[in-house]
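> Sequence plus the predicted model coming up.
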Amino acid sequence: MKGILFNVVEDVVTEAMSADAWDDVIDAAGVDGSYTSLASYPDTDLNAIVGAIAATADLSTEDTLRLAGRLGFKHLAGRNPHILDGIEGWKQLVGSLDDIIHPEVRKTYPDAEVPGFATTDIDGGLRVIYTSRRQLCALAEGLIVGGGEWYGSELHVEHERCVHEGAAACTMVIREVAAGDEPVDPTH
């Protein structure tokens, strides 16, 4: 896994909690904690860090990944603002992941193993088929919601199928929450 993801998780923990909290998470996770954006690190390091954050924040691993994605989107976008040039909303953002954004990611990180996002327009939203050997669909959900916030939209993501329940890929339906609708849980 690319170090930039570790950097973004560190940014989120430091912003939401404190720099000391990040040090505590690293100690609890039993990992080195020194991650550079261009290098690759074992997936097990991220799993250990997420587990330590979940324990500290009294959240499930899935909710921790969702929250890290939602809060981390702005940090990720801030590190590579050019990647969003010409993208004017959440639907265009999600719809361009495989064709525009991930190829740009590979220019900076040639050995990056990015997930797949196949999208279909549906009435009032998008249907997304997410594929990744890492099975970080909760992180993908959080990043999608964070992307919506970036563009001023509150999004709701519903999992129709999930690899964690035996499906070959995750299928998510994304819809914008209309004004006056029930607010979405902040960890989602």
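Arrived safely. Residues are numbered from 1 along each chain as shown.
> next SSE after the lowest-mean-pLDDT helix or strand in the chain?
With mean pLDDT, DSSP states H and E as the measure, the helix or strand of the chain carrying the lowest mean pLDDT is helix 102-108 (a mean of 80). Downstream of helix 102-108, the first helix or strand assigned by DSSP states H and E is strand 116-122.
> May I have the strands that pair with the following helix or strand past that next one, each with its orientation?
Scanning forward in sequence from strand 116-122 by DSSP H and E, the next helix or strand is strand 125-131. Strand 125-131 has these partner strands in its sheet, going by DSSP bridges: strand 116-122 (antiparallel), strand 170-176 (antiparallel).
> Kindly present those as TSV, with separate columns for distance to residue 8 and mean neighbour count.
For the C-beta atoms, the positions are set from N, CA and C on the backbone; glycine is no exception. Supplementary listing: the strands paired with strand 125-131 in TSV, determined by distance: least, C-beta to C-beta, whole Å; neighbours: other C-beta atoms under 10 Å:
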stretch	distance to residue 8	mean neighbour count
strand 116-122	18	14
strand 170-176	21	20
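> Lowest average confidence across those, which one?
Among these, strand 116-122 carries the lowest mean pLDDT, a mean of 94.
> got the CA positions of that one in PDB?
The C-alpha coordinates for strand 116-122 follow below in PDB (Å, rounded to 0.1, in the frame of the first residue of the first chain):
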ATOM      1  CA  GLY A 116     -11.700  -0.500  -9.600                       C
ATOM      2  CA  PHE A 117     -14.800   1.600  -9.800                       C
ATOM      3  CA  ALA A 118     -17.400   0.800 -12.500                       C
ATOM      4  CA  THR A 119     -20.200   3.200 -12.400                       C
ATOM      5  CA  THR A 120     -23.700   3.300 -13.900                       C
ATOM      6  CA  ASP A 121     -26.100   6.300 -13.700                       C
ATOM      7  CA  ILE A 122     -29.400   5.400 -12.000                       C
END
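> Same question for the least confident helix or strand of the chain: list its buried residues.
Neighbour-count burial for helix 102-108, with 16 or more other C-beta atoms under 10 Å as criterion, is recorded at 102, 105.
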